[in-house]
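Chemist: Return a 3D structure for these sequence lines:
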Amino acid sequence: MVKTPNDHSSRRLRNIIGGSAGNLVEWFDWYVYSAFALYFAHSFFPKGDQTAQLLQTAAIFAVGFLMRPVGAWLMGVYADHKGRKAGLTLSVSLMCFGSLLIAVAPSYAQVGVLSPAILLIARLIQGLSLGGEYGSSATYLSEIADRARRGFWSSFQYVTIIGGQLTALALLVFLQATLGEEAMQAWGWRIGFGAGALLAIVAFIIRRRLDETLSYENVAAKADRRRSTVGNLFRDHPREAFLVMALTAGGTAAFYAYTIYMQKFLANTSGFDRATASRIMTVALTVMLFIGPIAGRISDRVGRRPMMIFFGVGATLFTYPIFATLEHAHSAIAAFALVMASLVIVTGYTSINAIIKAEMFPADIRALGVALPFAIANAIFGGTAEYVALYLKNIGHERWFYIYISLLAACSLVAYVRMRETKTTSLIEED
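Modeler: Next comes the predicted model:
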């Protein structure tokens, strides 16, 4: 039976939805840690005030990022050699195990220092998983999409990243409303990690049914294809690899500042109660879900570079004013407006950064090329953002963090201005 264009379009859409759904679950599992940290920090780190407990929890959050370059290396190579689909199923399996480990981890009161040690091991496993997830999912969505709408479809990677964070926050808000503060502190936070493990099993089943991309199949059919290795990456594509790091530095730092840290900032600095801070972020992130695909579609028309420059200029100029004003925001509506302004700015980066990276590399080394340089920059600047913010607050210089994010955005802006337009120079050959 001959397949029609409609059959191909329908199957492509199913693959994009399936790949995106799995990505959402991966990031839900990752973000549950940050969303529920206000409630479980005391279970693993009982000493000190709330800021000190959050600081120790953020340190483990940052340490988890150290495994992401390792995961990007191992699973990037795996996805280039065994296929994008194989990489996606392996990453979600590891994430499931890490979430389950945290869900059943004993508290410090029960086993002492073994408790934070278990938390650390679980986050290292999740970091390994997420390091491979980014490259595999970015490559898969970029390759499975049609040329005319690659910016639009690839934007769903960050839509599902935000969706994972939003789902984690929505679950938090629901549990806050149904269980109350005391139960959340005692045991309610474990529900988030248990739900993540169950959803990861569902994602594994979905990913097993995805089609492989034509780009990978064409490369796999070549008897003399180049091996995907770190040496080959930095020897044959040094400019592109270091450009990915430069593109990522400011973008990932701003993303974690505006989304992950913002919830704690609203509760710990602005003075909102934890439930209100969670609701503000939930609504703001919901709106952001719809902005990403619009920005991705705009990039299909005007190019990727203008969108990145929009982010670079906005983050450089407005990060300090937004956070400084939020310090004294007592109205939830005013706080929401300021948070929303920061999310609109960072959408210029989040909506298209994955497709830009994928378009830079040939298919035989694409998953590794997308994953490893990104993971290195993300570990240095993204994973540490929350820790830097809390450390500077702890020593009485919180506003230095606003300057830090602004300077990183300015450095990345230089790369955005100097980069080639990847929409017209893309190395993704298949449509």
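
Chemist: For the residue most central in space within the chain, give me its contacts.
Modeler: Geometric centre of the chain, nearest residue: residue 161, 5.2 Å, by CA atoms, centre = their mean. Taking CB atoms under 8 Å, 6 or more residues apart in numbering, we find residue 161 in contact with 23-24, 27, 350. Every residue, glycine included, has its C-beta placed from N, CA and C.

Chemist: How far does whichever strand or helix holds residue 123 sit from its chain's centre?
Modeler: For residue 123, the host element (DSSP states H and E) is helix 114-144. Going by CA atoms, centre = their mean, to the nearest Å, the spacing between the C-alpha centre of helix 114-144 and its chain's C-alpha centre is 10 Å.

Chemist: So what touches the helix or strand that comes right after that helix?
Modeler: Where DSSP H and E defines the elements, the next helix or strand beyond helix 114-144 is helix 150-154. Here helix 150-154 makes contact (CB under 8 Å, 6+ apart) with 16, 138, 141-142, 144-146, 293, 296-300, 304, 351-352, 354-355, 358-359, 423, 426, 428.

Chemist: If we use 7 Å, what do you get?
Modeler: 16, 141-142, 145, 293, 296-297, 299-300, 304, 352, 354-355 (CB atoms under 7 Å, 6 or more residues apart in numbering).

Chemist: And stretch 95-104, by the same measure?
Modeler: 26, 29, 118-119, 122-123, 125-126, 129, 190, 193-194, 196-197, 200-201.

Chemist: Swap in 6 Å and give it another go.
Modeler: Here stretch 95-104 makes contact (CB atoms under 6 Å, 6 or more residues apart in numbering) with 26, 29, 122, 125-126, 129, 190, 193-194, 196-197, 200.

Chemist: Report the buried members of those residues.
Modeler: 26, 29, 122, 125-126, 129, 190, 193, 196-197, 200 (16 or more other CB atoms under 10 Å).

Chemist: residue contacts, residue 426?
Modeler: Applying CB under 6 Å, 6+ apart, we find residue 426 in contact with residue 359.

Chemist: does the residue nearest to the centre of the chain count as helix, strand or coil?
Modeler: Following DSSP: H, G, I helix; E, B strand; the rest coil, we place residue 161 in the helix state.

Chemist: From residue 391, how far out is it?
Modeler: Distance of residue 161 to residue 391, given as CB to CB, to the nearest Å: 25 Å.

Chemist: Can you list the neighbours in contact with whatever helix or strand residue 231 lives in?
Modeler: Under the criterion of DSSP H and E, residue 231 resides in helix 230-236. Contact partners of helix 230-236, identified using CB under 6 Å, 6+ apart, comprise 241, 365, 368-369.

Chemist: just for the stretch 301-431 of the chain, where's the confidence low?
Modeler: 430-431 (pLDDT under 70).

Chemist: Next, the buried residues of stretch 160-175.
Modeler: Applying 16+ other CB under 10 Å to stretch 160-175 flags 160-173, 175 as buried.

Chemist: which stretches of the stretch 301-431 of the chain form helices?
Modeler: 304-326, 332-350, 353-360, 366-377, 385-394, 399-418, 422-425 (DSSP state H, counting those that start in this stretch).

Chemist: biggest separation within the contacts of residue 161, which pair?
Modeler: 24 and 350 (14.4 Å; CB to CB).

Chemist: neighbour-wise, which of these two wins?
Modeler: When residue 24 and residue 350 are compared on other CB atoms under 10 Å, the one with more neighbours turns out to be residue 350, at 28 against 23.

Chemist: pLDDT (mean, whole number) over the host helix or strand of residue 13?
Modeler: In the assignment (DSSP H and E), residue 13 maps to helix 5-35. When pLDDT is averaged over helix 5-35, the result is 78.

Chemist: Test my guess that residue 329 contacts residue 335.
Modeler: Yes: taking CB atoms under 6 Å as the definition, residue 329 is a contact partner of residue 335 at 4.4 Å.

Chemist: So for those two, which sits in the more crowded spot?
Modeler: Using other CB under 10 Å as the criterion, residue 329 and residue 335 rank with residue 335 on top: 23 against 20.

Chemist: Name all residues that make contact with the more buried one.
Modeler: Applying CB under 6 Å, 6+ apart, we find residue 335 in contact with 280, 329.

Chemist: What about residue 106? Give its phi and psi, please.
Modeler: Phi and psi for residue 106, reported as degrees, to the nearest 10, are phi -70, psi 160.

Chemist: Distance of the closest residue to it other than its chain neighbours relative to residue 60?
Modeler: Leaving out its chain neighbours, the residue that sits closest to residue 106 by CB to CB, 6 or more residues apart in numbering is residue 115, at 5.6 Å. As judged by CB to CB, residue 115 and residue 60 stand 12 Å apart.

Chemist: Next: residue 283.
Modeler: In terms of CB to CB, residue 283 sits 29 Å off from residue 60.

Chemist: what about those two, which has more around it?
Modeler: residue 60 (20 against 16).
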